[in-house]
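K.L.:
Test case, fold it:
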Amino acid sequence: MSPRAASGPFRQGDRVQLTDPKGRLHTISLEAGKVFHSHRGALEHDAVIGRPDGSVVVNSAGVPYLALRPLLHDFVMSMPRGAAIVYPNDAAQILAFADIFPGATVVEAGVGSGALTLWLLRAIGDGGRLLSFERRPEFADVARANVESFLGATPATWSLTIGGLAESLPSVAAPGSVDRVVLDMLAPWECVPACAEALTPGGLLVCYVATVTQLSRTVEALRSSALFTEPDPFETLVRGWHVDGLAVRPDHRMIGHTGFLVTARRLAPGTVLPERQRRGSKTEYDDEDVELWTPGALGERESSAKSVRKAARQAATAARLAADATAEAAPDEPDAVARGGAEATQ
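P.N.:
Okay, here's the model as predicted:
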């Protein structure tokens, strides 16, 4: 992966995070001749282009803004969205507990808006492969544009397949060839057999789900498959702190829940785990319980077609500016990254 410049003077096409004196954040893509307007005045993009990262620029009303290149977690929180994203706190846990390493072959489904895709691409490095799957073409368009916007081009290490994972994975990855699988979907239990077939023995599956009913069914599906180790479910909570002199306390506001993570490792063929010893609790379930696990009962938050089209336009514009900036930075060099990415997605 060849990321865009992470340092040096701001260039046309760069994304810039502007912070006003009250701590409000505004993220813009620099274009020569354009103006950023707010209720507190106007700031010309040309006043930022050419300045070093970490500069303070003043708008027409005399309001100072701190200008910084957004970090990856800043970018994913402000980028156009076609679907809900994996938050940075969960992405960090996925990278750690799924043990994503440079050179790994990783399968990801579904892509959504591409937030986790960017974290995974960074983790696997130039020697890895990320095979992404997304059922909805409109979400795939947003994700592809967001990746190109942040990186400046489509990386050669990434392929994006439109279609369901269970049906499409066998044609993309040979059996036993995948190191890690990350599932962010409504019904991950439906893909357990396909994931087991693709994973190498000792490989790891991680599922990201939002509700306790999804968590329950996913864990039980992994157990009943007899193809994985005992599933390990958990969630991650992050609480910020207010520190100002002697006023030191937890923040009044926090995101109480984002999602649950479940990890399990692929067993070698023919391996039989020792029987688990259970304490007294309800471990059996009937048809009524199963009904609560169905996708219809779980519910799926739908993004409106209008909001998805808007997100796609915003992401495509940012991707175009990023590509132009990359081309201007190296006008005499062949765009190997873009050419490799085009081949990877064919």
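K.L.:
hey, where'd the strands end up in the stretch 51-200 of the chain?
P.N.:
With DSSP state E, counting those that start in this stretch as the criterion, the stretch 51-200 of the chain has strands at 55-58, 64-68, 105-109, 129-134, 158-162, 178-184, 199-209.
K.L.:
now these as CSV including mean pLDDT and mean neighbour count?
P.N.:
C-beta: built from backbone N, CA, C; applies to glycine. Putting the strands of the stretch 51-200 of the chain into CSV (pLDDT from 0 to 100; neighbours: other Cβ atoms under 10 Å) gives the following:
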stretch, mean pLDDT, mean neighbour count
strand 55-58, 96, 14
strand 64-68, 96, 18
strand 105-109, 97, 25
strand 129-134, 97, 25
strand 158-162, 97, 20
strand 178-184, 97, 25
strand 199-209, 97, 21
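K.L.:
Next, format the ones you listed as CSV and append distance to K34.
P.N.:
Rendered in CSV, the data for those read as follows (distance: least, Cβ to Cβ, whole Å):
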stretch, distance to K34
strand 55-58, 14
strand 64-68, 15
strand 105-109, 34
strand 129-134, 32
strand 158-162, 30
strand 178-184, 35
strand 199-209, 37
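K.L.:
Tell me if I'm right that S225 and A196 touch.
P.N.:
Yes. Proximity of S225 to A196 meets the contact threshold set by Cβ atoms under 8 Å, at 6.5 Å.
K.L.:
So for the two, which sits in the more crowded spot?
P.N.:
Here S225 and A196 are compared on neighbour count by other Cβ atoms under 10 Å; more neighbours surround A196, at 21 against 15.
K.L.:
Provide a list of residues in contact with that one.
P.N.:
Neighbour list for A196: L205, S225, L227, F228, R266 [criterion: Cβ atoms under 8 Å, 6 or more residues apart in numbering].
K.L.:
JSON lines please, covering the residues you listed and showing secondary structure and distance to N146.
P.N.:
Listed next are the contacts of A196 as JSON lines, based on DSSP: H, G, I helix; E, B strand; the rest coil; distance: Cβ to Cβ, whole Å:
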{"residue": "L205", "secondary structure": "strand", "distance to N146": "25"}
{"residue": "S225", "secondary structure": "helix", "distance to N146": "34"}
{"residue": "L227", "secondary structure": "coil", "distance to N146": "34"}
{"residue": "F228", "secondary structure": "strand", "distance to N146": "32"}
{"residue": "R266", "secondary structure": "strand", "distance to N146": "31"}
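K.L.:
Tell me, how many residues neighbour A187?
P.N.:
A187 has 17 nearby residues by other Cβ under 10 Å.
K.L.:
again with R122
P.N.:
R122: 17 surrounding residues under other Cβ under 10 Å.
K.L.:
remind me which residues of the stretch 151-300 of the chain are low pLDDT?
P.N.:
Low-confidence segments of the stretch 151-300 of the chain, defined by pLDDT under 70, are located at 278-300.
K.L.:
For stretch 146-165, buried residues please.
P.N.:
By neighbour count, and taking 16 or more other Cβ atoms under 10 Å as the criterion, the buried residues in stretch 146-165 are 146-161, 163-165.
K.L.:
follow-up on the earlier one: so which of the strands of the stretch 51-200 of the chain is nearest S38?
P.N.:
strand 64-68 (9.3 Å; Cβ to Cβ).
K.L.:
Now do the closest one: which elements does it pack against?
P.N.:
Using 3 or more Cβ pairs under 8 Å, 6 or more residues apart in numbering; DSSP states H and E as the contact criterion, the elements in contact with strand 64-68 are strand 15-19, strand 55-58.
K.L.:
Report the contact partners of L215.
P.N.:
Listed by Cβ under 8 Å, 6+ apart, the contact partners of L215 are V209, P233, F260, V262.
K.L.:
Tell me what angle the one helix or strand it maps to forms with strand 199-209.
P.N.:
Assigned by DSSP states H and E, L215 falls within helix 212-225. For helix 212-225 against strand 199-209, the angle between stretch directions is 160 degrees (axes from the mean of the first three to the mean of the last three Cα atoms, to 10 degrees).
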